[in-house]
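Colleague: coordinates for the following, if possible.
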Amino acid sequence: MEKTPKKNSLLLPGERLDDLQREGLQIIQNPSWFCFGMDAVLLTAFTRVEEGARCIDLCTGNGVIPILLSARTKGARFDGLELQEDIADMAARSVRYNGIEDRVVIRQGDIREAVSRYGAAGFEVVTCNPPYLTEDGGLINPTDHKAIARHEIHCTLADVIGTAKGLLVSGGHFYMVHRPFRLAEILHRMVEEGLEPKRMRMVYPHANRPPNMVLIEGVRGGKSGMVCEEPLVIYEREGVYTDEVRALYEG
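Modeller: Here you go, the predicted structure:
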């Protein structure tokens with residue numbers, strides 16, 4: 001009987017409530033802005049969180065990653081930092097809707113100021129599903145929600161990696177999903193910042209097509225040496241997920 005008034009009071013015009021297929025969790029989304037995609041789901045599954053760990057998700061968007069990690073893992077606390085005020089508010093309302101305020105906290109702010117805001121070396125895990133594209137190549141509306149989510153308008157790859165390094169304790173883990181065409185730059189910047197790449201997995205839409213995502217784990221102050229995991233294929237055939245992807249969605 002509680003969920004009907006919650007839904008009516010926490011959803012704004014244009015928003016909808018979607019089932020996250022895990023422990024009854026729901027998420028508020030606005031399709032005219034953007035909705036979370038496969039990349040967020042895969043990053044959540046790729047991320048390892050030890051019991052009692054403190055975690056923060058940069059560029060958290062609608063908060064799907066910290067919300068899912070709070071259900072998948074035994075971490076102690078999950079912070080989410082989002083630049084856009086209206087999207088941060090939407091994510092915070094999803095947290096309230098699910099009644100998980102004791103473990104998940106969403107804040108509005110610039111990731112470039114995260115270390116001064118949260119303090120250095122305060123987290124065991126940092127995750128990020130950042131903007132993938134540089135500002136090169138065409139006109140970009142700097143106030144558009146989708147443009148900000150997709151293009152490096154307000155933060156760059158260097159900002160993300162540098163901030164992650166500053167927030168992590170020594171030996172802490174950084175997890176990111178990105179695009180393979182920027183892999184050389186990603187690995188170079190991680191090594192440069194002292195986030196040693198330790199694990200990587202390429203994601204293929206179909207077995208006979210090039211990869212369109214890469215999942216990467218780095219460790220602050222880690223020793224050299226990286227494991228390349230077996231490829232992850234999303235679709236068995238058109239519109240049909242592989243067994244592994246179905247298992248990720250089903251928990």
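
Colleague: and the nearest residue to residue 30 once chain neighbours are set aside, how far from residue 83?
Modeller: Once flanking residues are discounted, residue 30 sits nearest to residue 15: 4.9 Å by Cβ to Cβ, 6 or more residues apart in numbering. All C-beta spots, glycine's among them, are computed from the backbone N, C-alpha and C. The spacing between residue 15 and residue 83, counted by Cβ to Cβ, to the nearest Å, is 19 Å.

Colleague: also residue 218?
Modeller: For residue 218, the distance to residue 83 equals 23 Å [Cβ to Cβ].

Colleague: with residue 247 instead?
Modeller: If you go by Cβ to Cβ, the gap between residue 247 and residue 83 works out to 33 Å.

Colleague: these two: who's more crowded?
Modeller: Between residue 247 and residue 83, residue 83 has the larger neighbour count (other Cβ atoms under 10 Å), namely 20 against 11.

Colleague: give the contact list for the more buried one.
Modeller: Neighbouring residues of residue 83 by Cβ atoms under 8 Å, 6 or more residues apart in numbering: 59, 108-111, 148, 154-155.

Colleague: backbone phi and psi for residue 236, please?
Modeller: The phi and psi values for residue 236, taken as degrees, to the nearest 10, are phi -70, psi -40.

Colleague: surely it and residue 242 touch.
Modeller: Yes. Under the criterion of Cβ atoms under 8 Å, residue 236 is in contact with residue 242, at a separation of 4.8 Å.

Colleague: output the contacts of residue 83 as a markdown table; include the columns pLDDT and neighbour count.
Modeller: Formatted as a markdown table, the entries for those read as follows, by pLDDT from 0 to 100; neighbours: other Cβ atoms under 10 Å:
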| residue | pLDDT | neighbour count |
| --- | --- | --- |
| 59 | 96 | 24 |
| 108 | 98 | 16 |
| 109 | 97 | 14 |
| 110 | 96 | 14 |
| 111 | 96 | 24 |
| 148 | 61 | 23 |
| 154 | 71 | 15 |
| 155 | 90 | 19 |
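
Colleague: in strands, which of those fall?
Modeller: residue 108 (DSSP state E).

Colleague: of the contacts of residue 83, which is the nearest to residue 232?
Modeller: Comparing the contacts of residue 83 against residue 232 with Cβ to Cβ picks out residue 59 as the nearest, at 22.0 Å.
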